[in-house]
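> From the sequence below, what's the structure:
(2 chains)
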Amino acid sequence: MKPNRRFIGAALASASLLGAAATLSPASAASTVVVGATETISSHNPHGDSISMGYGIWCEVYGCLGTYSFTKGAYVGMLAESWSVDKADPNIWTFKLRQGLKRHVDGKELTSEDVVHSITRMGTDPQTRQKQNVKHVKSVKAIDKYTVEVVTKQPTAPLLEFLFDRVMITGKDLFDKHGPKVADRQYPLGWGPYKLKEIVIGQRIVLEKDPASTFAKPENPDTLIFRIMREPEQRVTALLNNEIQIAQFIPPHLGPRIKSATNANLVPTSSVELMFLAMSPKKKPFDNATARKAACMAINRDAIIKAILGGQAERLDAPIGEGQYAYNPADAAKMKVPYDPAAAKALLEKAGLVGAEIELETPVGRYVNDKQITESMIPMLNAVGFKAKLKTPEWPTLWANVQKGNVPFFYMGRGGVVDPSPAFAQYFETGGSPRIGFSSAKVDALLQKERATFDPEERKKVINQAFAQIVEEQPACFMWKHKLLYGISKGVAYTPNPTGKVWGSEIAVK
Amino acid sequence: MLSYIVRRILGTIPVILLISLLVFMLVQAAPGDPADLLLSDEATKEDIDDARKRWGLDQPIHVQYGKFLIAALQGDLGTSFRYTDPVVTMIVDRLPATIELAVVSILIALIVGVPLGVWAGARPNSWIDNVGSFVGFFGISMPNFWFGIMLILVVSGYFNLLPSAGRSTYGVGGPPITGFFILDNIIHGDWNAVRDGISYIILPAVALGTNMMGILMRVTRSSVLEVMHEDFVRTARAKGVRDTVVLWRHVVRNALIPIITVVGLELGTLLSGSIIVETVFSWPGSGSLLISAITSRDYPLITGTVLTYTLAFVIINFIIDILYGTIDPRIRFDK
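Predicted coordinates for the structure are as follows:
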């Protein structure tokens, strides 16, 4: 019996169909940029999610008061033209809005009522996941058409970190007229450089430039598409095939593929995510400060950065690094914890902690090469006298336990640290959160002082004093900041943002 | 027949109830709290408590299950914690993509696996049998997530023949009618969009269907081999019927029962197996939705999606049982 001719015919027909399909390439308009993104916006409600990419996208659609400029090293206004703190009462902040800003489609002018509405909604919307951004706000009111007054519960110098590119300014009139659901889904109109054209949750977000916007530039792409592509392999392949023009977060081992490509460049950028080893002083053996010091001195960070991270990370000598608010290289040099296994061993011996059992917990696949990194730490810890084991629970399990303060020793990252105040208050101030379980009167006093210090230079000094105290007591070993690697098409000019947000208004199509 | 159908439908009710209870309890028992996972890193304890209260997680588990069950009986599977949309709407939106992928995968598996199995079974130890066995074992032993990544690397990356991810090119195709992209565009008569849809579905469908193809090949081969030795085959040959007619009209028809069983079972497996493949190819189906629901402990979405899969399994098995009687008249449902 021989293979049926009809079958061969069918096979050939299928092959020709495949071929026909294969000749198709994705449509690409002249001024369209597609970003291969790793996160999805999960709601049409701009307050219904709390992810970095989401804040960036909504800010470009609705508009936000301002953002932190890494090139200027300072906050710059967007919808807000200027802002000030009352000298007599530092709880009172005044924001002056730009005048004459016209909303997409209907041209309605931005007013202070919209800002008041948005700040209020962020705290009261039943779907909000951004309540923490307004936790310092006691009240907000419109002084006149273009002036907003925000009163804080206590003096809060880092207030802009909470309010600037996190509070999306949505239209009060649309909300009042249509209600939140209809307003968010059918009238997502704002004052940003891009109009929202489509959200298919989990698939793509499509933005269209508003050429009339003050914030849009002629070289910005007319259409900006965020395609959700979680697999790094997929993002790299799509970039090299010209399916996308910007590929976010390339793991170091895939970098060489982009480097050798003719159509794209590998662009590294510093990040604002701090990687650290946390040690709970509430749990043995880390209740003894000597054990914490020894653990930090046992880790050879340079070797890990070189061998496992392919050099794509910046060692942290202080709790924060270059590009972050209040970073001071001179202070950082003084805080550096040396890699000194001999000294670490001596410390453990002196404290009678040789053979102390410790269990390092790490997520797997959440941070770059997290498992490999922590695997390499185990022999380093053992070499100085600990009896260390690695534990790799599933992320939700680990995170739930960390949130409750049940994990004595863990490897983790804290993203979005531009102004370090919120993150450090949360991890290291008494009552901030139970995650590390650290409490120090000296650190508390310094963190409270920095929040009440409004002179920027003075505040930076106080922040560094707080850092020095944290490093002295060492509830955490600060490891590195990963470099974010982006694959960027040669047809596009873009300098990636350390926060991981992709701003269409900073992309130029060549 | 009618009484059989009624009995089967009645029999599925306790199955679904039991599974709903199991899924609900297991999901709640899994470590990790949705409020911890879904709120920001900076959320305070009060924010977390508020969210738990809003989602009803502060109530005892039997109360939560009771409320879920009453709502589910009225067709309401709750509201997703993460996406804040009704679970039913989300599943209805995503399911067509999963079914479309499963159907194309099955077609690929059937078109390749069954003929190969028939030829291999008809000519044991021949070159076609060796080729078929190789293809069969390759399909069975290849993990679909790995095969998917390899397809992306080779077909999309190296040869640049097909798109690496997604379901269609943005802006291509008419408005959805049924939710099945290819079918909708056939209805619209938009052949460019149909080709676009096919180009996107080929790789995930091959990745998903290869395993089933291997199983089908092996089952068909064994079944054909068995039937080839039956008396009626010898009789047909003795009567001078051509080999091709004996094989395709007599042998294959009698070998169909195990093949249909496998197709039925595998169809359910394909729906659930698509969970991984959908993630690898960013295919916007219910599988990738379930993954994101699990990682964020979105209880209503997990329970709703798993129940939908359960229902699909039950319905598929039910249809397969009915088909048995149509294909083999010896099977009766009266008793």
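
> Now do the helix or strand hosting B:Val118: which elements does it pack against?
Per DSSP states H and E: B:Val118 is located in helix B:87-122. Where contact means 3 or more C-beta pairs under 8 Å, 6 or more residues apart in numbering or on different chains; DSSP states H and E, helix B:87-122 is packed against helix A:5-22, helix B:127-141, helix B:181-188, helix B:191-228, helix B:256-280, helix B:286-295, helix B:299-327. From N, CA and C alone the C-beta is placed, and that goes for glycine too.

> Out of those helices, flag the one nearest B:Asp49.
helix B:299-327 (17.0 Å; C-beta to C-beta).

> list the helices and strands that closest one packs on?
Helix B:299-327 makes packing contacts with helix B:2-29, helix B:61-73, helix B:87-122, helix B:256-280, helix B:286-295 when contacts are defined by 3+ C-beta pairs under 8 Å, 6+ apart.

> one more time with 10 Å, if that's ok
helix B:2-29, helix B:34-38, helix B:61-73, helix B:87-122, helix B:256-280, helix B:286-295 (3 or more C-beta pairs under 10 Å, 6 or more residues apart in numbering or on different chains; DSSP states H and E).

> What residues of it count as buried?
For helix B:299-327, burial by neighbour count (16 or more other C-beta atoms under 10 Å in any protein chain shown) applies to B:299-310, B:312-314, B:316-318, B:320-321, B:323-324.

> For the stretch 201-350 of chain A, which residues are neighbours of chain B?
In this structure, the stretch 201-350 of chain A approaches chain B at residues A:201-204, A:206, A:223, A:225, A:227-231, A:233-244, A:257, judged by C-beta under 10 Å from any C-beta of the partner chain.

> What's the end-to-end length of stretch B:19-38?
Counting by C-alpha to C-alpha, to the nearest Å, you get 26 Å between the two ends of stretch B:19-38.

> secondary structure class for A:Leu390?
Here A:Leu390 is recorded as strand under DSSP: H, G, I helix; E, B strand; the rest coil.

> give me the element the residue positioned nearest the centre of chain A is part of.
For chain A, A:Gly416 is the residue whose C-alpha lies nearest the centre (C-alpha atoms, centre = their mean; 3.6 Å). Per DSSP H and E, A:Gly416 falls between elements, in no helix or strand.

> Quick one: residues contacting it.
Contact partners of A:Gly416, counting by C-beta atoms under 10 Å, 6 or more residues apart in numbering or on different chains, are A:50-52, A:55, A:161, A:166, A:271-274, A:422-423, A:498-501, B:40-42.

> Looking at those, which are in strands?
Applying DSSP state E to those, the entries found in strands are A:271-274.

> Let me have the residues you listed in a markdown table, extended by pLDDT and neighbour count.
Shown next, in a markdown table, are those (pLDDT from 0 to 100; neighbours: other C-beta atoms under 10 Å in any protein chain shown):
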| residue | pLDDT | neighbour count |
| --- | --- | --- |
| A:Ser271 | 92 | 28 |
| A:Val272 | 93 | 26 |
| A:Glu273 | 92 | 20 |
| A:Leu274 | 95 | 26 |
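
> name the element residue 81 belongs to?
Looking at chain A here, since you left the chain open. When elements are assigned from DSSP H and E, A:Glu81 belongs to strand A:80-85.

> average model confidence for the very next helix or strand once past that strand?
Per DSSP H and E, the first helix or strand lying C-terminal to strand A:80-85 is strand A:92-97. For strand A:92-97, mean pLDDT rounds to 97.

> Quick check: buried residues in strand A:92-97?
For strand A:92-97, by 16+ other C-beta under 10 Å, it's A:92-93, A:95-97.

> Which of the helices and strands packed on helix B:299-327 comes out lowest on mean pLDDT?
helix B:256-280 (a mean of 81).

> ok, for the closest residue to chain B within the stretch 301-450 of chain A, nearest residue in space, not its chain neighbours?
Going by C-beta to the nearest C-beta, chain B is nearest to A:Pro396 of the stretch 301-450 of chain A, at 2.9 Å. Spatial nearest neighbour of A:Pro396, chain neighbours left out: B:Gly32 (2.9 Å); criterion: C-beta to C-beta, 6 or more residues apart in numbering or on different chains.

> Can you point out the buried residues in stretch A:288-308?
With burial defined by 16+ other C-beta under 10 Å, the residues of stretch A:288-308 counted as buried are A:288-301, A:304-305, A:308.
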